[in-house]
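Colleague: Below is the sequence, then the predicted model.
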Amino acid sequence: MAVSTVYTVQSLNSTFSISKPTKTQLGFNQKQLVFYKKTTTTRRTTTEITCSTGDTVVIGLAADSGCGKSTFMRRLTSVFGGAAEPPKGGNPDSNTLISDTTTVICLDDYHSLDRTGRKEKGVTALDPRANDFDLMYEQVKAIKNGVAVEKPIYNHVTGLLDPPELIKPPKIFVIEGLHPMYDARVRELLDFSIYLDISNEVKFAWKIQRDMAERGHSLESIKASIEARKPDFDAYIDPQKQYADAVIEVLPTQLIPDDNEGKVLRVRLIMKEGVKYFNPVYLFDEGSTISWIPCGRKLTCSYPGIKFTYGPESYFGHEVSVLEMDGQFDRLDELIYVESHLSNISTKFYGEVTQQMLKHADFPGSNNGTGLFQTIVGLKIRDLFEQIVANRTAAPLQATKA
Ligand SMILES: Nc1ncnc2c1ncn2[C@@H]1O[C@H](COP(=O)(O)OP(=O)(O)OP(=O)(O)O)[C@@H](O)[C@H]1O
Ligand SMILES: O=C(CO)[C@H](O)[C@H](O)COP(=O)(O)O
């Protein structure tokens, strides 16, 4: 019986056919090859095998508005080197940030209702009915498979949906916003997920600081906006934390009794056990329960001091490790003392965490656990990315040997 084999290779720019692929092409490790489709035709039957060759690692970052996502993204892209900028020559109100390695998109771009539409229907932007999850899923899947997409833009200045912008598959694709883990199909596409869990007291303090000082809002209007969002936040945003591989929880300090200023923070890094390519950070002794007050000869601490705790816990029925820091640093250069007591932080050289923190000393949270844990999660993401890529490169080699 005559058997002919047709291979169709779709690159980012074109589709072309080749009669017989080379070994490299069969190993799917050419970045520009996105779909590999082999059609074996006998006289009457056709079998199709489709393989994706995209190298893109997808990271989800969930948090409410004004909870530090942009700051976290700036720390993350800095770990990979190079600055992140909006697409060149594009819409000046684009929410996208592109650097050499990473592309960060804001999921607000998948709002299906614009500001007026939401007002007319009486729904908030947090409500799933105001968002297009089908399109979000299709486009994140395409990027993960190495296919460029035309993503819509939600314009925060006008409140309208602007014409789409072209997003090409990067090495690391970060989807940040209100709902990266809401839709099960999108969740499945994530290689790693993070939730920034800012307690109400702290969220309020940060909102006041930003919206009163920088945006001229009144205290009453800030209170009203937080209250108006709360039911939908509780229903649709907050539950996503159960799916996150890492949660950064930000709470008022316990070092000052009845503190309500929200300036000194207790920050917990909750790390899920058993996540592929992710080994939780630990303090002194993995799996033990530790309480450590490092203030003394090597670390300068003014009132109320600093306290670290570490240990195993259960979080939404998952086994997790929790590293906690309560208090704030007086001198950032002394952070090296704390860093040297942490293990599994995925640094490439001694003192890398301290170096990153010093480099961005002017970012919010640089003197406390928010900055420290965001930096560490950035390093863990770099490590995860490198492991995934190494694994993908090794797999075709093994297949070729077999
Ligand atoms: N770690 C932090 N410590 C103190 N304040 C912080 C911290 N992170 C963020 N803030 C405050 O919250 C504000 C919002 O931060 P950021 O812009 O990073 O949040 P966002 O989630 O990206 O906000 P939005 O979604 O509204 O754009 C900052 O201007 C700052 O006032
Ligand atoms: O929750 C939000 C996420 O950033 C925004 O409020 C939402 O995107 C709507 O934006 P705007 O208030 O500009 O119409």
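Modeller: Arrived safely, thanks for sending. Ligands and ions are numbered 1, 2, ... in the order given.
Colleague: use CA for all of it now, contacts and neighbours both
Modeller: Fine.
Colleague: For the helix or strand harbouring Glu249, which outside residues touch it?
Modeller: Counting by DSSP states H and E, the element that carries Glu249 is strand 246-252. For strand 246-252, contacts defined as Cα atoms under 8 Å, 6 or more residues apart in numbering pick out 193-199, 201-202, 241, 259-260, 262-272, 370, 373-374.
Colleague: Kindly report the same for stretch 337-344.
Modeller: Contacts to stretch 337-344, defined as Cα under 8 Å, 6+ apart, come from residues 279-284, 294, 298-299, 350-351, 353-354.
Colleague: Kindly indicate which of those residues lies nearest Gln387.
Modeller: Nearest to Gln387 out of the contacts of stretch 337-344 is Asn279 (Cα to Cα; 11.7 Å).
Colleague: Which pLDDT value belongs to that closest one?
Modeller: Here the pLDDT value assigned to Asn279 is 96.
Colleague: Could you check how far the closest residue to it other than its chain neighbours is from ligand 1?
Modeller: Spatial nearest neighbour of Asn279, excluding adjacent residues (Cα to Cα, 6 or more residues apart in numbering): Asn344 at 6.7 Å. As judged by Cα to the nearest ligand atom, to the nearest Å, Asn344 and ligand 1 stand 23 Å apart.
Colleague: ok, the closest residue to Thr347 other than its chain neighbours - contacts?
Modeller: Closest residue in space to Thr347, ignoring its immediate chain neighbours: Leu379 at 6.5 Å, by Cα to Cα, 6+ apart. With contact taken as Cα under 8 Å, 6+ apart, Leu379 is in contact with 76, 79, 345-347.
Colleague: Do stretch 220-231 and ligand 2 come into contact?
Modeller: No: counting by Cα under 6 Å from any ligand atom, ligand 2 has no neighbours in stretch 220-231; the shortest distance is 8.4 Å.
Colleague: May I have that stretch as PDB, with CA atoms only?
Modeller: This file holds the C-alpha atoms of stretch 220-231, laid out as PDB (Å, rounded to 0.1, in the frame of the first residue of the first chain):
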ATOM      1  CA  GLU A 220     -14.200  59.200  51.800                       C
ATOM      2  CA  SER A 221     -14.000  58.300  48.100                       C
ATOM      3  CA  ILE A 222     -11.200  55.800  48.700                       C
ATOM      4  CA  LYS A 223     -13.200  54.200  51.500                       C
ATOM      5  CA  ALA A 224     -16.300  54.000  49.300                       C
ATOM      6  CA  SER A 225     -14.400  52.500  46.400                       C
ATOM      7  CA  ILE A 226     -12.800  49.800  48.600                       C
ATOM      8  CA  GLU A 227     -16.200  49.000  50.100                       C
ATOM      9  CA  ALA A 228     -17.900  48.800  46.700                       C
ATOM     10  CA  ARG A 229     -15.400  46.300  45.400                       C
ATOM     11  CA  LYS A 230     -15.300  44.100  48.500                       C
ATOM     12  CA  PRO A 231     -18.200  41.700  47.700                       C
END
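Colleague: can you tell if that stretch touches ligand 1?
Modeller: No: Stretch 220-231 does not reach ligand 1 (Cα under 6 Å from any ligand atom); its nearest approach is 12.1 Å.
Colleague: quick one: contacts of that stretch?
Modeller: Residues outside stretch 220-231 that contact it (Cα under 8 Å, 6+ apart) are 124, 126, 204, 207-208, 211.
Colleague: What about the residues you listed, which are in helices?
Modeller: Assigned to helices by DSSP state H, the following of those qualify: 204, 207.
Colleague: Give me the number of neighbouring residues for Leu299.
Modeller: 21 (other Cα atoms under 10 Å).
Colleague: which non-adjacent residue is nearest it?
Modeller: Leu299 sits nearest to Glu334 (Cα to Cα, 6+ apart), 6.0 Å away.
Colleague: quick one: contacts for the one you found?
Modeller: By Cα under 8 Å, 6+ apart, the neighbours of Glu334 are 298-300.
Colleague: Just send those back as a markdown table, with distance to Arg392 too.
Modeller: Output for the contacts of Glu334, formatted as a markdown table (distance: Cα to Cα, whole Å):
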| residue | distance to Arg392 |
| --- | --- |
| Lys298 | 43 |
| Leu299 | 43 |
| Thr300 | 45 |
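Colleague: For those, point out the one with the lowest pLDDT.
Modeller: Looking at these by pLDDT, the weakest one is Lys298, with 80.
Colleague: you'd agree that residue is in a helix?
Modeller: No: judged by DSSP: H, G, I helix; E, B strand; the rest coil, Lys298 forms no part of a helix; its state is coil.
Colleague: Quick check: it vs ligand 2, distance?
Modeller: 41 Å.
Colleague: same question, Glu201
Modeller: 18 Å.
Colleague: where does this structure come near ligand 1, residue by residue?
Modeller: Residues of the chain lying near ligand 1 (Cα under 6 Å from any ligand atom): 65-71, 206, 209-210, 364-365, 370-371.
Colleague: so where is the stretch 301-402 of the chain shaky, pLDDT-wise?
Modeller: For the stretch 301-402 of the chain, the stretches flagged by pLDDT under 70 are 396-402.
Colleague: Can you show me the strands along it?
Modeller: 306-315, 318-327, 342-343 (DSSP state E, counting those that start in this stretch).
Colleague: Out of those, which one sits most buried?
Modeller: strand 318-327 (a mean of 23; mean count of other Cα atoms under 10 Å).
Colleague: Other residues contacting it?
Modeller: Strand 318-327 has contacts (Cα under 8 Å, 6+ apart) with 253-255, 264-273, 280-283, 287, 304-314, 368-369.
Colleague: near ligand 2 at all, the strand or helix carrying Arg118?
Modeller: Using DSSP H and E, the element containing Arg118 is helix 115-121. Yes: judged by Cα under 6 Å from any ligand atom, helix 115-121 and ligand 2 are in contact via Arg115.
Colleague: likewise stretch 75-94?
Modeller: No: Stretch 75-94 lies apart from ligand 2 when judged by Cα under 6 Å from any ligand atom; the minimum separation is 11.2 Å.
Colleague: C-alpha coordinates for that stretch, CSV please?
Modeller: This file holds the C-alpha atoms of stretch 75-94, laid out as CSV (Å, rounded to 0.1, in the frame of the first residue of the first chain):
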residue,chain,number,x,y,z
ARG,A,75,11.6,43.5,40.5
LEU,A,76,11.0,40.3,38.4
THR,A,77,12.1,41.8,35.1
SER,A,78,15.2,43.3,36.9
VAL,A,79,16.2,39.7,37.9
PHE,A,80,16.4,38.8,34.2
GLY,A,81,18.3,42.1,33.4
GLY,A,82,17.2,44.9,31.2
ALA,A,83,14.3,47.3,31.6
ALA,A,84,10.7,46.5,30.8
GLU,A,85,9.0,49.1,28.5
PRO,A,86,5.7,49.5,26.7
PRO,A,87,5.6,48.2,23.1
LYS,A,88,7.6,50.6,20.9
GLY,A,89,5.5,52.8,18.6
GLY,A,90,2.3,51.3,19.9
ASN,A,91,-0.7,52.7,21.8
PRO,A,92,0.7,55.1,24.5
ASP,A,93,-2.0,53.7,26.9
SER,A,94,-0.9,50.1,26.4
